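Asker: this one's structure only:
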């Protein structure tokens, strides 16, 4: 199944009840995180301005808080949105499998909260770590005008593709996961497509949900191909 077909199926399921329910929860929690961050930032700035006897501290604090929160929303949205979605990923994947892959839905293992939390923390760690590693390369390429953006796009496309397909794959593997069955280039293409959607205002709120659903389609397609190959005469045989 092509990545674009998977994205089309994912978008088509956005109006389904179970998906809408998760969409509202994840968007509300994501936006709530940034509102809470902005309120805390505003309070801290007002206190700092008052301590240094800066006049108009409330207005100045509000202006600076809005500016910092807005910039943070732009740069950190992907990280926060995916971390939030991790807690509801099982519901998204289950809704897609129930509609399109009923056999897979029957054999899937529901992930416990502890494992969801661990996956979310690992994902955030990978994202922060790889972006920090890419920073010197991006800085060296800043003179090219576009090189830095391409470096970060490549890194985050790979990261997004892995996270979005892992959400489905982890329901069908053992506690010690084998290699993700979706090929690296399909994961990267999915990640790049979702990263592009995240650059569009308002559409970026839907991007994690679309990506998780599309990642489920790609994972099930890859598993079906693997099983078909195993059953073929030229596939692996028992000794």
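Answerer: Here it is on my side, so go on. All values derive from a computational prediction rather than experimental measurement.

Asker: need the next SSE after the least confident helix or strand in the chain by mean pLDDT, C-terminal direction.
Answerer: When each helix and strand of the chain is scored by mean pLDDT, DSSP states H and E, helix 57-100 comes last, with a mean of 74. Next helix or strand after helix 57-100 toward the C-terminus (DSSP states H and E): helix 102-107.

Asker: List the contacts of that next one.
Answerer: By CB atoms under 8 Å, 6 or more residues apart in numbering, the residues outside helix 102-107 that reach it are 94, 97-98, 172, 220, 223. C-beta here means a position set from N, CA and C on the backbone, and glycine is covered the same way.

Asker: What residues of it count as buried?
Answerer: Within helix 102-107, the residues scored as buried using 16 or more other CB atoms under 10 Å are 104-105.

Asker: still on that earlier bit, among the contacts of helix 102-107, which one lies nearest to residue 109?
Answerer: residue 172 (7.4 Å; CB to CB).

Asker: Hmm, the closest one is touching residue 101, no?
Answerer: No - between residue 172 and residue 101 there is no contact under CB atoms under 8 Å: 10.2 Å.

Asker: With neighbour numbers in mind, choose between the two.
Answerer: The residue with more neighbours, out of residue 172 and residue 101, is residue 101; 21 against 17, by other CB atoms under 10 Å.

Asker: Residue 160 versus the residue nearest the centre of the chain, what's the distance?
Answerer: Central residue of the chain (CA atoms, centre = their mean): residue 82, 3.6 Å from the mean position. Taking CB to CB, to the nearest Å as the measure, residue 82 falls 8 Å from residue 160.

Asker: confidence score at residue 186?
Answerer: The predicted structure scores residue 186 at 92 on the pLDDT scale.

Asker: Could you do residue 194 as well?
Answerer: Looking at residue 194, its pLDDT is 90.

Asker: next helix or strand past whatever helix or strand it lives in?
Answerer: Residue 194 is part of helix 184-197, with elements assigned from DSSP H and E. Heading C-terminal from helix 184-197, the first helix or strand you meet, by DSSP H and E, is helix 203-231.

Asker: Can you give me the buried ones in that next one?
Answerer: In helix 203-231, the ones that count as buried by 16+ other CB under 10 Å are 204-223.

Asker: buried residues in the helix holding residue 194?
Answerer: The neighbour-count check on helix 184-197 (16+ other CB under 10 Å) flags 186-195, 197 as buried.

Asker: Same question for stretch 159-168.
Answerer: For stretch 159-168, the neighbour count (16+ other CB under 10 Å) marks 159-168 as buried.

Asker: contacting residues for the residue nearest to the centre of the chain?
Answerer: Contacts of residue 82 were listed using CB under 8 Å, 6+ apart, and they are 123, 127, 160, 163, 208.

Asker: Please identify which of these is nearest to residue 47.
Answerer: Distance to residue 47, by CB to CB, is smallest for residue 127 among these, at 31.4 Å.

Asker: Low-confidence stretches in this structure?
Answerer: For the chain, the stretches with pLDDT under 70 are 1, 49-50, 52-66, 68-76, 174-178, 233-239.
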